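In: A predicted structure for the sequence below; I have some questions about it.
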Amino acid sequence: MTKLEVINPATEEVISTLDYTPEVEINAQIDRAQEAFQSWKVIDAHERAATLYKWAELIDNNIDELAELITLEGGKPYAEAKGEVTYANSYVKWYAEEAKRVYGRTIPANTSDKKILVDKFPIGVVGAITPWNFPAAMITRKIAPAVAAGCTIICKPAVQTPLTTIKLIELAHDAGFPEDVISYVIASGRDAGELFTSHEAIRKITFTGSTPVGKKLIQQASESVKNATMELGGLAPFIIHSDADIDAAVEETIASKFRNAGQTCICANRIYVHQSIVDEYTKKLTAKVHELKVGNGMDEGVKVGPLINSDAVAKVLDQVTDASTKGASISRSLDDMTALGGNFLRPVVIANATQDMKVMNEETFGPLAPVMAYDDIDEVIRIANDTPFGLAAYFFTNDYRTGLKFYNELEYGVIGWNDGGPSAAHAPFGGVKESGYGREGATEGIEPYLETKYLSIKQ
Ligand code: NAP
């Protein structure tokens, strides 16, 4: 049988070898999840909530081991990986509460002898496919609301980072979730996508990943009219207006742009700074960026780990070369950027960026901060919206009228005002346009796992 080798992107060593789940077993697992759904959906919400709380407790107790797995298989600096586990667990805790708040309602009928009752029911078996960049959080954002709603779920983690998922699901079983209520498969995305979308027992696909793969899954899921939630790619604009607090904006840029070495879907991808402050901002940003320690995420003080693999490195270097050819100033030479070798890249600021550069139009997923000057507020909003993507956008201003104009006119699902880290379990995360549909987090995040049914009673 073919084996999956899990590779540490910092050392490029194989850290684990796993068996792929055979196709026949994946289908059998979906059948078992369908059987388990019949008994899980009738467990009362308070018991589901208690099991989620128990899982959350076990995750807290195992935070060090989980963080180490995230660092070893994904490269994320250890302190940041611990932050991810806490963040991932905040979804488990949130949906332990929301499980108890799936309310129905009554509707006044149009004749006095009738009553209409509305109820929410779990949708059924869920197939989940997740990326490598947040191996804990992307999985709990799906599992926790699904099981809180009464669904069963089968997860397909990214081949680069299956170990975190396996550990989280083992802890879920230790907490009392039956094995067929929450399970995982080891498979390529293509295989899992085909099996999940073609199996009639699966009633919902929930996907986090790139837009091209999302589009393919939407097509496949449409064959049997499966409900789908799509958390797809981004190209976040990060706008700093003339009246902004420049030091605060620099701090938030670092937080937004360099988390996970720039490999997040809501990362600042393109930075637009008002021309009256662009020189001061770029100078301050470059000084801070060059202070960031790069290295193995297990080493003390490292802020920027390796990229996930050599393809990711090549994509980033291509964007740098393209920007340089088109007249931008790069804060480090290519030799300096790549001096650590392997999958490591020293972060850079790209000054004098222009809108025709690849870095302003393609999701970067790497430690590059391109800065372009703007003059007119309407023009920067137009440029910010001139993309098929609509996940996250940021703006910095201390003027409320300017702020409300940005908020009202930016076509994005997640917006940070003087805030480079807007994501939270209690807020509805998700995109518009080709960044997807559906929301994860908040009250909205359980809705995708529920169906509405109503009863009309005649006396
Ligand atoms: P990706 O290539 O789309 O992979 C994501 C997942 O999809 C992986 O599990 C992958 O499986 C699977 N996959 C690949 N091809 C497939 C197919 N034909 N059918 C079904 N599944 C398939 O994305 P990535 O490079 O891992 O992750 C980065 C992308 O995710 C970025 O675009 C980022 O913006 C986006 N993202 C979005 C959010 C959000 O909440 N909106 C959050 C995080 C990341 P393998 O294991 O075989 O690769």
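Out: Received it, and whenever you're ready, just let me know what you need. Numbering: from 1, shown residues only.

In: just checking, what's the longest helix in this protein?
Out: Counting by DSSP state H, the longest helix found in the chain is helix 78-98.

In: now that one, how far from the chain's geometric center?
Out: Offset of helix 78-98 from its chain centre (Cα atoms, centre = their mean, to the nearest Å): 13 Å.

In: you'd agree Asn227 is up against Phe207?
Out: No - the criterion here is Cβ atoms under 8 Å, and Asn227 misses it with Phe207 at 11.8 Å. The C-beta positions use only the backbone N, C-alpha and C, and glycine is treated the same way.

In: Which parts of the stretch 201-350 of the chain are helices?
Out: Counting by DSSP state H, counting those that start in this stretch, the stretch 201-350 of the chain has helices at residues 211-222, 246-258, 278-291, 310-325, 334-337.

In: right, so of those, which gets closest to Val302?
Out: helix 246-258 (11.6 Å; Cβ to Cβ).

In: Torsion angles phi and psi at the closest residue to the ligand within the stretch 101-250 of the chain?
Out: With Cβ to the nearest ligand atom as the measure, Gly189 is the residue of the stretch 101-250 of the chain nearest to the ligand, at 2.0 Å. Main-chain torsions, Gly189, degrees, to the nearest 10: phi -60, psi -40.

In: Number the residues from 429 up from this point.
Out: All set: I'll call the first residue 429, so the last point we hit is now Gly617.

In: State the distance from the spatially closest residue to it that is not a sequence neighbour to Ala615.
Out: Excluding the flanking residues, the one nearest Gly617 by Cβ to Cβ, 6 or more residues apart in numbering is Ile557, at 6.1 Å. For Ile557, the distance to Ala615 (Cβ to Cβ, to the nearest Å) stands at 10 Å.

In: Between the two, which contacts overlap?
Out: Taking Cβ atoms under 8 Å, 6 or more residues apart in numbering as the contact rule, the neighbours common to Ile557 and Ala615 are Lys584.

In: secondary structure class for Gln462?
Out: Following DSSP: H, G, I helix; E, B strand; the rest coil, the label given to Gln462 is helix.

In: for it, what are its contacts?
Out: Taking Cβ under 8 Å, 6+ apart as the test, what Gln462 contacts is Gly552, Val553, Thr580, Ala629.

In: Of these, which belong to strands?
Out: Among the contacts of Gln462, the ones falling in strands (DSSP state E) are Val553, Thr580.

In: Tell me which two in the contacts of Gln462 are the farthest apart.
Out: Using Cβ to Cβ, these reach their maximum pairwise distance at Thr580 and Ala629, which is 9.7 Å.

In: ok, the two, which is more surrounded?
Out: Thr580 (28 against 18; other Cβ atoms under 10 Å).

In: Check what pLDDT the more buried one gets.
Out: With respect to pLDDT, Thr580 has a value of 99.

In: That one and Phe686: what is the separation?
Out: In this view, Thr580 and Phe686 are 38 Å apart by Cβ to Cβ.

In: And for Met566?
Out: Counting by Cβ to Cβ, the gap from Met566 to Phe686 is 20 Å.

In: Between those two, which is the more surrounded one?
Out: Met566 (31 against 24).

In: and Lys886, how many neighbours?
Out: The burial count for Lys886: 8, using other Cβ under 10 Å.

In: Got phi/psi on it?
Out: Per degrees, to the nearest 10, the backbone of Lys886 is at phi -110, psi 130.
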